[in-house]
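Q: I'd like to go over a predicted model; first the sequence, then the structure.
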Amino acid sequence: MDDQAAIERCQAGNVDAFQQVVEQYQAEAMGHALALLANREDAEDAVQEAFVKAFRALRRFQAGRRFYPWFYTILRHCCFKIGARRPAVVVESDPPLEILASASDEAGERQVRLLEQGLARLSAEDRELITLKHFDGLSYQALAERLEIPPGTVMSRLYHARQRLRAEVNRSRQEL
């Protein structure tokens, strides 16, 4: 059963059909929540809360739309709400953010560690942009639609996020 069929079954009252949707998108949602929050427990809470909210809002879901971009908006709001409740601290990546796969050689592993540390020090908004663009491969237009901002704003914010990431990676390199 595809997403649309599962969602239609949910809208018709079949609660169990939503399990398929959760199973299909849980890993992707966890990756995005982890990128935004840089904390596994908070990310798990955000994902769970987002799926509950999505289930409750399914009656408003429009047929023909893709589920994940709609769900991502809910997930993003949950992540920011949970992130706002935490004390403001610089997040150190220990254990690593787990966004990047391990490299096979020592130099590659060091580069991955530096990048993970740099990402962990960025704001949630900057991590989100970089993750969606460079790890998920979204186009500027897809980013604009997902974040509900103009493409020019995406380009500008992404440029500045990359600059901040570069500075944080250099900072981490100097600390090592």
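A: Happy to help now that I have it.
Q: domain assignment for the chain?
A: 3-85, 106-175 (automatic domain parsing).
Q: any chance of those in CSV, with mean pLDDT too?
A: Converted to CSV, these look like this (pLDDT from 0 to 100):
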stretch, mean pLDDT
domain 3-85, 90
domain 106-175, 88
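Q: now those domains as CSV including mean neighbour count?
A: All C-beta atoms are positioned from the backbone trio N, CA, C, and that covers glycine. Formatted as CSV, these follow (neighbours: other CB atoms under 10 Å):
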stretch, mean neighbour count
domain 3-85, 17
domain 106-175, 16
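Q: for this structure, which segments count as helices?
A: Counting by DSSP state H, the chain has helices at residues 3-11, 18-37, 40-57, 67-85, 106-121, 124-130, 140-147, 151-175.
Q: tell me what the longest one is packed against?
A: Helix 151-175 makes packing contacts with helix 106-121, helix 124-130, helix 140-147 when contacts are defined by 3 or more CB pairs under 8 Å, 6 or more residues apart in numbering; DSSP states H and E.
Q: these: which one's closest to D2?
A: In terms of CB to CB, the element of the helices and strands packed on helix 151-175 nearest to D2 is helix 140-147, at 20.6 Å.
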